[in-house]
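1. Any chance you could fold what I've pasted below:
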Amino acid sequence: MLENCTAILMASDKAWIERCKTLAHDAGFEEAYGFLGVDDIARRVRKTPVQFLFAHYEIGEDVLRETMIAIRHHHERDVKFMPMVVFTKDQSVPSLKHFLKMGFDDIIAFPCAMSHIVGRLELQIGRKIDYFQAADYFGPDRRRLMEEDEEARKERRAGGTYTHFIIQRDIENGVRILHQKQETLRASA
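-> Modelled structure (predicted):
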C-alpha cells in the first residue's frame, strides 16, 4: 500500500533527511523527497494522490505551525487532508500533547520496530477518519485524548462553531470527503 504513496521529509538537518529517506524506502515508499514547500506537494499530488509529510521534532515550532496551517488551509483536498506525521524521541506527555494540538495525524516515537511504523502509517489509508476544523485547530479528532486538558474544557464551555469532516484516503483517487457538517458548540455553565 505505501509503495503507492510518496514520503515528503521535513527537517533542518540534511543528514536526518537522508536517514529518513532510507527509512521511508524500508517502510515501502517508492518515492521520498525533501520538503520543498506546499506548492511542490500540490504539484506532486496530481501524480501520487497520497503524500505523507514526515516532520522532525526538532524543527522550529513557528516553521512547523506555518507549514501545518498552509497545508490544512490549502484549496486542494489531497493536500489539505494529507497525513502528517512527526518523528520524535521525546515521549513525554507535554511533548506528545503539543504535537496533537498542532493537528498531526500521528506521532511516531523512536526507537521502534519497522513493523510498528508501517502499521501506524497504513492506518492513514483506506479507513474513515474524523477531522475537525475549529478556530485554532484543524486535524484528526483528538477530543478523547485531550479530555483532561483544562484549555480544552474552557473552549468547550465557551461555545463556537466547528466543521466536522469524515474523510477517507485512497491510493488511487486521493481523499474523499464522505461527510461535512458545520456545527455550533453550545456554551455550558
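2. could you point out which element follows the helix or strand of the chain with the lowest mean pLDDT?
-> Among the helices and strands of the chain, helix 150-158 carries the lowest confidence by mean pLDDT, DSSP states H and E, at a mean of 53. Downstream of helix 150-158, the next assigned helix or strand under DSSP states H and E is strand 160-170.
3. Can you point out the buried residues in that following strand?
-> Of the residues in strand 160-170, Y162, F165, I167, Q168, R169 count as buried by neighbour count, 16 or more other CB atoms under 10 Å. Using the backbone N, CA and C atoms, a C-beta is placed for each residue, glycine as well.
4. Would you check that the first one makes contact with D130?
-> No - the pair Y162 / D130 is not scored as a contact, 11.6 Å apart, by CB atoms under 8 Å.
5. what are the ranges of the helices in the protein?
-> 14-27, 38-45, 61-72, 77-80, 93-102, 114-122, 150-158 (DSSP state H).
6. Deepest in the core, which of those is it.
-> The highest mean neighbour count among the helices of the chain, using mean count of other CB atoms under 10 Å, belongs to helix 77-80: a mean of 19.
7. any idea which residue sits dead centre in this protein?
-> Compute the mean C-alpha point of the chain, and by CA atoms, centre = their mean the closest residue is M84, 2.6 Å away.
8. Which residues are in contact with that residue?
-> Contacts of M84 were listed using CB atoms under 8 Å, 6 or more residues apart in numbering, and they are F52, L53, A55, M68, I71, G103, F104, D105.
9. Apply 6 Å and report the result again.
-> Counting by CB atoms under 6 Å, 6 or more residues apart in numbering, M84 makes contact with L53, F104, D105.
10. For it, list each beta-bridge partner.
-> L53 (DSSP bridges).
11. Distance check, it against F35.
-> 11 Å (CB to CB, to the nearest Å).
12. And E66, by the same measure?
-> 12 Å.
13. try G28
-> 20 Å.
14. what do you get for H164?
-> Here the criterion is CB to CB. By it, H164 lies 29 Å from F35.
15. and what of I167?
-> I167 is 22 Å from F35, by CB to CB.
16. ok, and the closest non-adjacent residue to R72?
-> Nearest residue to R72 in three dimensions, chain neighbours excluded: F138, at 4.1 Å (CB to CB, 6 or more residues apart in numbering).
17. just S12 next, same as before
-> I59 (5.9 Å).
18. Distance check, the one you found against Y137.
-> From I59 over to Y137 (counting by CB to CB), the distance is 20 Å.
19. Same check on I167?
-> Between I167 and Y137 the distance is 16 Å, computed by CB to CB.
20. Determine which two of the buried residues of strand 160-170 are furthest apart.
-> Y162 and R169 (21.4 Å; CB to CB).
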